[in-house]
Structures are given as C-alpha cells and as structure tokens.
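> pasted the sequence and its predicted model underneath.
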Amino acid sequence: MPEFLVRSLWNDNFQRHWDFSLRDKDRTSANSILISNLSLYLLLASFRCYLFRCYLTFFKDRCLHNEFIISKYFFRELFNRQTHQQPAEPYNDAATNLIYDLVFCDNLNLYKANTKNPLVYPFDVLFAENSTPAALLNIATGRAAETRTRILAYNRLLSLSHKPDKKDLLGAIVEFGLDDGLDVVACYQDGTARYINYTGKRVVWETTTAGSAKLTKELFSQSEPILSKIGPRNQSRRPQPAKGNARITFLVSDGLYFGEGPVNTLFNDQMAGPALNAAGQLMKYLTAQALNSAH
C-alpha cells in the first residue's frame, strides 16, 4: 500500500471520527474508534511491507538497490502504469521504417505512393478506386502476381465486405523486441522474404531458392496449428512489440492474425515455439546469404 494512501486513509478516518467523538463527548466511543483505526493502520502497513519485500526479492537479481529505482518499478507494476511511451517508429532511419510498414501489406496508400508511374497490371486495377470485386478477386487468387500484391487485393476485398471462400496463409512475420531494438523477419508464400536487423540493416530477398522455399514451407507448416486456435484481428495493426516480447503476425486471405507474449514464454510454448524456431532458421539463412553476396 503506497505510503501517501495509508497516511490519507489514516488522517481522514482519524480526524472524522475524532471530531465526531468530541462533538458527542463520548470518550468511550472515541477510544474504540481510535483502536479500530490503529488496527487498520497496522494492517495496511503490514500489507505494504509484504508487497515491498516481494518486489525487493523480484528486483534483487537486477541489483536495483537504489530506493528511487525500486519505488519507480514498484508503483509501475502495482498500478500498471507505463513510465515511458513506445516510440512511434521502430527504427531511426525513414527508409527502414518504410520497409517495416510495407511488409505487413495493410496500407494500400503506402504502396501506391511508392509505386512508379505509369501503372501496369495488376497495380492499375489494384489502385483504381472503381475496381470491381471480380477484378480484385482475379488478382488475389491468381498465381502470376507476387504474394504481397495478392495480400493487398484480399485486403481491398475485405474492405468491400467480400470475404474469401477459404482461409489461405500468405505471409508470416516474426518480431523480436530486443534490448537494442527490433528484429523482424517476414516471409511470403512465393518464397520471397525480408529481414530487418535491430541496427536498421536489412535484407530484401526477392529470389526464391530451394533453401528459402524449404524454410518458408517449414514456417508456414508450424504456423497452421496456431491459426486454427486464433481469429483475425478486426482492428488496425498494433505498434511494434515492446522490449522482451515477441509477436507472430499471419497475413491470411481473411485478415491479419497475431499472437504476442514474452519471448521466453513463446519459445517454450507448444505451438508458438516451433514457429519461432523456424523463423530463427530463416533469419540465419537470409543473413548468411547477404554476407556471402557481399564478398
């Protein structure tokens, strides 16, 4: 119990009851009330000490012996208040933030602003305001267009209240909130991929190889059991995960799905763990390919 709250309860109750007792000149009642308030104060103080010991135990491994730091974490955890806000963008570089936003394929205007004119098929149909659902469906279900374009077409259909006949997993994105920044790996059904390192360095993988196709297939295979347990998100995409958290986002024909939690918890989870491990293998593969091409 915070000290200022204990003092407030004590002072308010004591003063109210003491004034009442003086007004009625009932010392016996006043003494009883005083004893009752003393008992309440001791009980609250004991509870506060117990909570404080719990938090001291929790933070002792982090060597947070400074009273101010301990108090800050104590009150933040007790009242679930954030002492700082998440940054609006995960990276310092605007180009890297653009790549990060594009991998989710949930902002048609962002793609339109970054596509050169003159527009050719399928972008002329995809970006046209008067495109029919039938024309958009041809893009979404056709295999000629790259997967990210198909996802954009599915999302336009969803905005027009046209839901697909079947649920098709088209992309998977895994984000790790590290101490130094955000690591992101994204892969798509056609074998293309993106990797953004927490430093802002990135790998844009547009060539489908046997290695990338195998790793993408493995990640998709491990993602299917998760999809069967969760539903699509009906709201806008969340900001990047906080430090210490991991998030798996699934780009599906009927919407965006995601699961999020502490990194260690998800790695130990029966369903999420294999998917995260598969994403880690893909991340290593993309990094190795980028390093090999640099030499």
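Noted; the coordinates are in hand. Residues are numbered from 1 along each chain as shown.
> list phi and psi for the spatially most central residue of the chain.
Residue closest to the average C-alpha location in the chain (CA atoms, centre = their mean): P241, at 3.4 Å. The phi and psi torsions at P241 (degrees, to the nearest 10) take the values phi -60, psi 150.
> I figured it hits E175, correct?
Yes. Using CB atoms under 8 Å as the test, P241 is close enough to E175 to be in contact (5.3 Å). Bear in mind the C-beta positions are built from the backbone N, C-alpha and C, glycine included.
> and R202, bridged to which residues?
Partner residues in beta bridges with R202: I196, with DSSP bridges as the criterion.
> swap in G259?
Going by DSSP bridges, G259 forms beta bridges with I248.
> next, count neighbours for it.
Using other CB atoms under 10 Å, G259 has 19 other residues around it.
> who touches it in this structure?
For G259, the set of contacting residues under the criterion of CB atoms under 8 Å, 6 or more residues apart in numbering consists of I226, I230, R247, I248, L266, A272.
> now, of those, which are buried?
Neighbour counting by 16 or more other CB atoms under 10 Å classes I226, R247, I248, L266, A272 among the contacts of G259 as buried.
> and the two most separated of the residues you listed?
Of all pairs drawn from the buried ones among the contacts of G259, the greatest distance, 11.9 Å, lies between I226 and R247 (CB to CB).
> residue ranges with poor pLDDT in the stretch 51-200 of the chain?
Of all residues in the stretch 51-200 of the chain, those with pLDDT under 70 make up the ranges 51-87.
> strands along that one, start to end?
For the stretch 51-200 of the chain, applying DSSP state E, counting those that start in this stretch gives strands covering 169-177, 182-188, 193-196.
> ok, back up a step: out of the buried ones among the contacts of G259, which is nearest to Q289?
Lowest distance from Q289 to those (CB to CB) belongs to I248, with 22.7 Å.
> so that closest one makes contact with A272?
Yes. Taking contacts as CB under 8 Å, I248 lies within contact range of A272: 6.6 Å.
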